[in-house]
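Participant: quick one: sequence and predicted model below, then my questions.
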Amino acid sequence: DKFRLMAPLPWVYLTLSAACWGATNPLIRRGSEGVGSVQRSSKLAQWLAQAWYLATRPSFVVLGEPRPRFQVFAGVALILFGVALTLASAPDPTNTTSIE
């Protein structure tokens with residue numbers, strides 16, 4: 001079991017993931033220029049304002065996509081909420097007691 005990490009396939013996936021991350025990093029950096037100028041009084045307001053700034057920037061959003069509408073953000077929030085509920089209600093895999 002400890003030699004499973006030595007298998008080549010996980011390392012290939014890790015290398016491909018790192019290459020994709022590295023290749024997109026300059027694009028993300030260029031698209032996020034100016035986000036430092038967004039200033040708010042609280043940390044939460046700051047985070048939300050920066051997220052809104054990035055989400056509404058045409059250069060940060062996927063090329064060719066129109067500026068996202070409120071419904072898009074509401075849909076993403078509902079999906080994330082659904083995933084959180086699913087994860088929260090998942091049975092504990094470490095619980096070995098039976099339900100008999």
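Facilitator: Sure thing, it's come through.
Participant: now do the helices in the chain.
Facilitator: Along the chain, the stretches classed as helices by DSSP state H are 8-31, 43-55, 70-89.
Participant: centre of the chain to the second one, how far?
Facilitator: Centroid separation between helix 43-55 and its chain, computed with C-alpha atoms, centre = their mean, to the nearest Å, is 15 Å.
Participant: what angle sits between it and helix 70-89?
Facilitator: Going by axes from the mean of the first three to the mean of the last three C-alpha atoms, to 10 degrees, helix 43-55 is angled at 120 degrees with respect to helix 70-89.
Participant: what comes up buried for helix 43-55?
Facilitator: Across helix 43-55, burial judged by 16 or more other C-beta atoms under 10 Å covers Gln50, Tyr53, Leu54. Where you see a C-beta, it was placed from the backbone N, CA and C, and this is true even at glycine.
Participant: ok, the last one to Leu85 distance?
Facilitator: Right, the one you point to is Leu54. Per C-beta to C-beta, to the nearest Å, Leu54 is found 26 Å from Leu85.
Participant: on that earlier part again, can you add distance to Pro91 and pLDDT and give the buried residues of helix 43-55 back as JSON lines?
Facilitator: Shown next, in JSON lines, are these (distance: C-beta to C-beta, whole Å; pLDDT from 0 to 100):
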{"residue": "Gln50", "distance to Pro91": "37", "pLDDT": "89"}
{"residue": "Tyr53", "distance to Pro91": "40", "pLDDT": "86"}
{"residue": "Leu54", "distance to Pro91": "37", "pLDDT": "81"}
